[in-house]
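Novice: I need the structure of the sequence given here:
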Amino acid sequence: MVKTKGADAATEKWARKVGQAGPDYEAGVKNPRKDWEAETKKAEGRYKEGVIAAANAGRFGKGVSGKGGKWAANAAGKGVERWGPGVAAAQDDYKAGMSEVISAIEGVTLPPRYPAGDVRNLARVGAVNKAVHDKLKGK
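Specialist: As a prediction, the model looks like this:
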């Protein structure tokens, strides 16, 4: 039998060490050994194969089974307190993305409007949908 210090000791050590690692994390992000984007692009084939294998084995469903309570607790606990700062930090990115969507919408010439409930009004929705889809699908 293998002797260990147990889960409690391992957890305490993990929390203590990782809790102090903020400066190491920051240094690693600012000066990575390899370029994240280039390495991620090189992994696309492996990613695709892994997703297909996981889907074929039913691992997605297995991975979420029984996790709803944990998700809800974490979303209500950590998620709520991080929401405001996350929104503030993402404001410029949101504006950049929405600018593309809005410019696509503003470029649409809508077909005529018909009486309320007329199925032909759906062509107006379709025109906006197509413009936004065409603008963003190449990203």
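
Novice: Show the pLDDT at Lys139.
Specialist: Looking at Lys139, its pLDDT reads 62.

Novice: which regions of the chain sit below the pLDDT cut-off?
Specialist: Applying pLDDT under 70 to the chain picks out residues 139.

Novice: can you give me the helices in it?
Specialist: 6-19, 22-30, 36-42, 44-56, 59-64, 68-74, 80-106, 122-136 (DSSP state H).

Novice: Out of those helices, which is the most enclosed?
Specialist: By mean neighbour count, with neighbours taken as mean count of other Cβ atoms under 10 Å, helix 122-136 ranks first of the helices of the chain at a mean of 13. Just so you know, the C-beta spots here come from the backbone N, C-alpha and C atoms, and that holds for glycine as well.

Novice: so what's Ile105 closest to, chain neighbours aside?
Specialist: Nearest non-adjacent residue to Ile105, counting by Cβ to Cβ, 6 or more residues apart in numbering: Val128, 5.8 Å away.

Novice: Might one say that the one you found is in contact with Glu106?
Specialist: No - the pair Val128 / Glu106 is not scored as a contact, 10.3 Å apart, by Cβ atoms under 8 Å.
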